[in-house]
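**Student:** Any chance you can model this:
(one chain, ligands or ions: 1)
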Amino acid sequence: MLVAARKGSPLVVGIGKDEYFLASDATPIVEFTSRVVYPDDEEIVVLERGREIRIKTISNVEKTPEIKKLELTLNQLEKGGYPHFMLKEIFEQPVALANSMKGRVHVNPEKITLAGFQENRDKFLAAGRIIITACGTSWHAGLIGMYAIEEFARIPVEVEYSSEFRYRKPVVAPGDIVIAISQSGETADTLAAIEMAKAAGAFIFGICNVVGASIPRCAHGGCYTHVGPEIGVASTKAFTAQVTVLIMLALSIGREKGTLSAEKYARIIRELQDVPEKMSGILAKNDMISRFAKTFTYAHNFIYLGRGYNFPIALEGALKLKEISYIHAEGYPAAEMKHGPIALISNEMPVVVIAPQSGTYEKVVSNIQEIKARKGRIISVVTEGDTCPIMS
Ligand code: BG6
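**Tutor:** Alright, predicted model coming up:
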């Protein structure tokens, strides 16, 4: 007899042929069986060979086990010829994003159909404020979500680090919407943060990638990113899918509230539809980027700059450099350079500037001029065909 108990950490039971499996995640089970049970917190699992699985609550009340079928397949867990999972997942993005938008982003006519929103539209339309809580890369996606929801839906949004939100005794009230963003759906701080917000009466909405994980099961509603398992520790395809779902959500709320024009709604949807193909174009530059990167291995510090929607992107770029190459990096709003960091500029510290042709382009050009005046070395990420000499 094998007895397992779930308290705070994730637990999955695999039901095979005359055999059972226990794990914290479905990935080690999938090669043996696709039938799983996800016990809830404070539940006890009793497994005996030749007997059906039994589940009891901590107060010894029997519960009928709910057997689910895993969507996961074994080949999704293979490297597929790539040297490591992170590179595979970076290159999966065009297909992964297309999957994330499948059945949700429509053109002719342009429309978003997001079930998680439709099922809870009244909550979103009546919301006085939205709190987004997440960790790491998911927190950066939350910042982009804040920009989009405030711009399109005109609802005040605040973005919280889950580890701070759960302990600082925040003011959360019924009517508030708390969006939890988490690829794994198991990050303890984010789970604890929404349990606290739920107890305060908030409506919890999850944006996760793992079906049946703790966070989506704790939430009242939500949307899955549907990009397949992300094995790499540093999030890549899940991040771009989180941003996509947040944009779809912001578009949906804005359109229903009438705070977003039909023209802009349709235009952004057409752009969303084109993103996977544009991503493929960038990924095709992999070898050039790889050669270019080699010229910066001397650096011990980087600064990443962006404005508007590209400020969270600058933060994410800096985080990726830190967690992957162990080079210290900071992300900043481009205009903040003059308030201190400019003092650090030298040719020893490359500056990555995200400067697409957008409303703030001219301002970013002047930020770059300030950096060049101090012999700073610029790596500019620009719109294809931009020949502005300052960018090179
Ligand atoms: C960190 C990862 O450990 O956890 C990040 O390195 C990730 O990439 C963060 O964004 C949060 O994880 P999750 O699963 O809650 O999105």
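**Student:** so what's D41 scoring on pLDDT?
**Tutor:** D41 is assigned a predicted lDDT (pLDDT) of 88.
**Student:** meant to ask about T240, not that
**Tutor:** At T240, the model reports a pLDDT of 98.
**Student:** continuing past the strand or helix carrying it, what's the next helix or strand?
**Tutor:** Assessed by DSSP states H and E, T240 sits inside helix 237-257. The helix or strand immediately downstream of helix 237-257 is helix 262-283, counting by DSSP H and E.
**Student:** Is the helix holding T240 in proximity to the ligand?
**Tutor:** No - judged by CB under 6 Å from any ligand atom, helix 237-257 and the ligand are separated, with a smallest distance of 6.6 Å. Heads up, the C-betas are built off the backbone N, CA and C, glycines and all.
**Student:** So what's the gap between that helix and the chain middle?
**Tutor:** Centroid separation for helix 237-257 versus its chain: 11 Å, with CA atoms, centre = their mean, to the nearest Å.
**Student:** Over to stretch 317-331?
**Tutor:** 17 Å.
**Student:** Can you check the distance spanned by that stretch, start to finish?
**Tutor:** Stretch 317-331 has an end-to-end distance of 7 Å (CA to CA, to the nearest Å).
**Student:** Tell me which residues are up against it.
**Tutor:** 86, 136-137, 140, 233-234, 299-306, 311, 314-316, 341, 352, 354 (CB atoms under 8 Å, 6 or more residues apart in numbering).
**Student:** just to revisit the earlier point, put the alpha carbons of the helix holding T240 into CSV.
**Tutor:** Extracted C-alpha coordinates of helix 237-257, given in CSV (Å, rounded to 0.1, in the frame of the first residue of the first chain):
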residue,chain,number,x,y,z
LYS,A,237,7.4,30.6,-26.0
ALA,A,238,5.2,30.7,-22.9
PHE,A,239,6.1,34.4,-22.5
THR,A,240,5.2,35.4,-26.1
ALA,A,241,2.0,33.4,-25.7
GLN,A,242,1.2,35.1,-22.4
VAL,A,243,1.6,38.5,-24.1
THR,A,244,-0.6,37.3,-27.0
VAL,A,245,-3.4,36.1,-24.6
LEU,A,246,-3.2,39.4,-22.7
ILE,A,247,-3.5,41.4,-25.9
MET,A,248,-6.5,39.3,-26.9
LEU,A,249,-8.1,39.8,-23.5
ALA,A,250,-7.4,43.6,-23.6
LEU,A,251,-8.9,43.8,-27.1
SER,A,252,-12.0,41.8,-26.0
ILE,A,253,-12.7,44.0,-23.0
GLY,A,254,-12.1,47.2,-24.9
ARG,A,255,-14.3,46.2,-27.7
GLU,A,256,-17.2,45.2,-25.4
LYS,A,257,-16.8,48.3,-23.3
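**Student:** name the helices or strands packed onto it?
**Tutor:** helix 85-101, strand 111-112, helix 115-118, helix 121-126, helix 136-153, strand 203-208, strand 221-224, helix 262-283 (3 or more CB pairs under 8 Å, 6 or more residues apart in numbering; DSSP states H and E).
**Student:** what's downstream of the fourth one, the next helix or strand?
**Tutor:** Right, the one you point to is helix 121-126. Per DSSP H and E, the first helix or strand lying C-terminal to helix 121-126 is strand 130-134.
**Student:** Would you mind listing what in the stretch 1-150 of the chain touches the ligand?
**Tutor:** Close to the ligand, as judged by CB under 6 Å from any ligand atom, the stretch 1-150 of the chain has residues C135, G136, T137, S138.
**Student:** Could you do the stretch 151-300 of the chain as well?
**Tutor:** With CB under 6 Å from any ligand atom as the criterion, the stretch 151-300 of the chain meets the ligand at residues S182, Q183, S184, T187, T190, V233, A234, S235.
**Student:** secondary structure class for the third one?
**Tutor:** Meaning S184. coil (DSSP: H, G, I helix; E, B strand; the rest coil).
**Student:** now it, nearest residue through space, not along the chain?
**Tutor:** Nearest residue to S184, sequence neighbours excluded (CB to CB, 6 or more residues apart in numbering): V210, at 5.8 Å.
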